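Student: here's a sequence, model it:
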Amino acid sequence: MSNVINILAIESSCDETSAAVVSNGRVLSNHIATQKVHERYGGVVPELASRAHMQNIVPVVDAALKDAHLAKGDITAVAFTQSPGLLGSLLVGACFAKGFAQALQVPLIAVHHMQAHVLAHFIEQQPQFPFLCLTVSGGHTQIVLCRSHLDMEVLGETIDDAAGEAFDKVAKMLGLPYPGGPLVDKYAALGDPLRFKFPLSEMKDYQFSFSGLKTSVLYFMQAQKKTDPDFVANNLNDICASVQHTIIRMLMNKLTKAAKDLNIKHIGIAGGVSANSGLRKAITDAGIQHGWHTYIPRFEYCTDNAAMIGITGYYKYLQGTFTDLSIAPSPRATW
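Tutor: Numbers count the residues shown, from 1 in each chain. Alright, predicted model coming up:
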């Protein structure tokens, strides 16, 4: 019997269809099909996302297998995103994964999307446990304590908007096209982060809140436009820089508090917003200041991708954590 464990991984939680092959913990391939259709609507349209997944799933899986130089019969197990996410999108990936696993008579592995973001660090690095991870995405903002690869605890999370939502909603207020978060980051690099002051939310323990910032930015721009209709256009870089500075301060304040309270020196960031250049610099600078060992995944492993599903599937395979065909996708999930 071969000792090689080849995991075919499927990610379809939102608007990106991705397939990867992970062999004994090493990524052999990682293909992602993005969906441009949502740009005209200013946000993800669930029904359109589901249809696009149905069109993309077979070509993406085929490309992942070919890139890995493997045949279907070489696959040891199939891992897929079971939760959380858009239900219709999750169903496409889950149904494909079930059918593939059943046809090959190999184990099926259900993966929690946010846990996979955390384990994306282990694709190319080996953080030491206990490991503290700030996961920031369009739908989630959490501080996660990792005691082992599969033993994780959410210490705190947002009570309203996630950091990614705050970036995208502010971008929309500024008239920037979707997805706006990366554009805020782009313009922020050209602006003065201290030009405009926005309030920092004060939440207990390790909780976050970003809805107040969004409202503050809205009222600020409305007031400025009354005297200068071109205020946004004339001050776009500084507005973006100031908003980004505020969001990053809120994130880093809580992360620093958790690291100090728990005396943990191995710190990482994960999720789509961890691709933000300002946040990547902030955690690097904090690591130097506090003596942390900091970990930041490559850009391709920050946004939604199947490689992180595959690495999680690999560790679950080693523990024999499989599921049967009765498993159902869920838009929400607990840890």
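Student: only C-alpha atoms from now on, for both contacts and neighbour counts.
Tutor: OK.
Student: ranges for the strands of the protein?
Tutor: Per DSSP state E, the chain carries strands over the ranges 6-11, 16-23, 26-34, 77-83, 108-112, 131-136, 141-146, 152-157, 266-270, 293-295.
Student: quick check: which of these is buried the most?
Tutor: Most buried of these, by mean neighbour count (mean count of other C-alpha atoms under 10 Å): strand 6-11, with a mean of 31.
Student: how about low-confidence regions in the stretch 51-200 of the chain?
Tutor: Residues of the stretch 51-200 of the chain meeting the criterion pLDDT under 70: none.
Student: list the buried residues for the top helix by length along the chain?
Tutor: The residue-count maximum for a helix in the chain (DSSP state H) belongs to helix 231-262. Judged by neighbour count using 16 or more other C-alpha atoms under 10 Å, the buried positions of helix 231-262 are 231-232, 236-248, 250-252, 254-256, 258-259.
Student: check stretch 289-298 too.
Tutor: Residues 292, 293, 294, 295, 296, 297 are the ones in stretch 289-298 that count as buried (16+ other C-alpha under 10 Å).
Student: do the same with stretch 202-217
Tutor: By neighbour count with 16+ other C-alpha under 10 Å, stretch 202-217 contains the buried residues 206, 207, 208, 209, 210, 211, 212, 213, 214, 217.
Student: end-to-end on that stretch?
Tutor: With C-alpha to C-alpha, to the nearest Å as the measure, stretch 202-217 spans 17 Å from end to end.
Student: most centrally placed residue in this protein?
Tutor: Note on the chain: the residue nearest the mean C-alpha position is residue 271, at 2.5 Å, using C-alpha atoms, centre = their mean.
Student: what are the ranges of the helices in the stretch 51-200 of the chain?
Tutor: 87-104, 113-119, 163-173, 181-188 (DSSP state H, counting those that start in this stretch).
Student: and those, which is most packed in?
Tutor: Among those, highest average neighbours (mean count of other C-alpha under 10 Å) belong to helix 113-119, with a mean of 26.
Student: so which elements touch it?
Tutor: strand 77-83, strand 131-136, strand 266-270, helix 306-318 (3 or more C-alpha pairs under 8 Å, 6 or more residues apart in numbering; DSSP states H and E).
Student: relative to the shortest one, what are the paired strands and their orientations?
Tutor: This means strand 266-270. Within its sheet, strand 266-270 is paired with strand 131-136 (parallel), strand 293-295 (parallel), according to DSSP bridges.
Student: that older thread, how about the contacts made by the residue nearest to the centre of the chain?
Tutor: By C-alpha atoms under 8 Å, 6 or more residues apart in numbering, the contact set of residue 271 is 114, 117, 118, 135, 136, 137, 302, 303, 304.
Student: phi, psi for it please.
Tutor: Dihedral angles phi and psi of residue 271 (degrees, to the nearest 10) take the values phi 100, psi 170.
Student: between the buried residues of stretch 289-298, which sits nearest residue 74?
Tutor: Nearest to residue 74 among the buried residues of stretch 289-298 is residue 297, at 28.0 Å by C-alpha to C-alpha.
Student: and stretch 280-290, average pLDDT?
Tutor: Averaging pLDDT along stretch 280-290 gives 97.
Student: please identify the buried residues of that stretch?
Tutor: Neighbour-count burial for stretch 280-290 [16+ other C-alpha under 10 Å]: 280, 283, 284, 286, 287.
Student: and the closest residue to residue 125 other than its chain neighbours, how far from residue 152?
Tutor: Using C-alpha to C-alpha, 6 or more residues apart in numbering and skipping the chain neighbours, the partner closest in space to residue 125 is residue 295 (7.8 Å). Taking C-alpha to C-alpha as the measure, residue 295 falls 17 Å from residue 152.
Student: so how far is stretch 115-135 from its chain's centroid?
Tutor: When distances are taken as C-alpha atoms, centre = their mean, to the nearest Å, stretch 115-135 is centred 12 Å away from the chain's centroid.
Student: name the residues that touch that stretch?
Tutor: Residues contacting stretch 115-135 (C-alpha under 8 Å, 6+ apart): 25-27, 114, 141-149, 152, 255, 259, 264-271, 274, 295-297, 301-302, 307-309, 311-312.
Student: and the end-to-end length of that stretch?
Tutor: Using C-alpha to C-alpha, the end-to-end distance of stretch 115-135 comes to 9 Å.
Student: also stretch 60-75?
Tutor: End-to-end distance for stretch 60-75: 16 Å, by C-alpha to C-alpha.
Student: may I see the buried residues of it?
Tutor: With burial defined by 16+ other C-alpha under 10 Å, the residues of stretch 60-75 counted as buried are 60, 61, 63, 64, 65, 68, 75.
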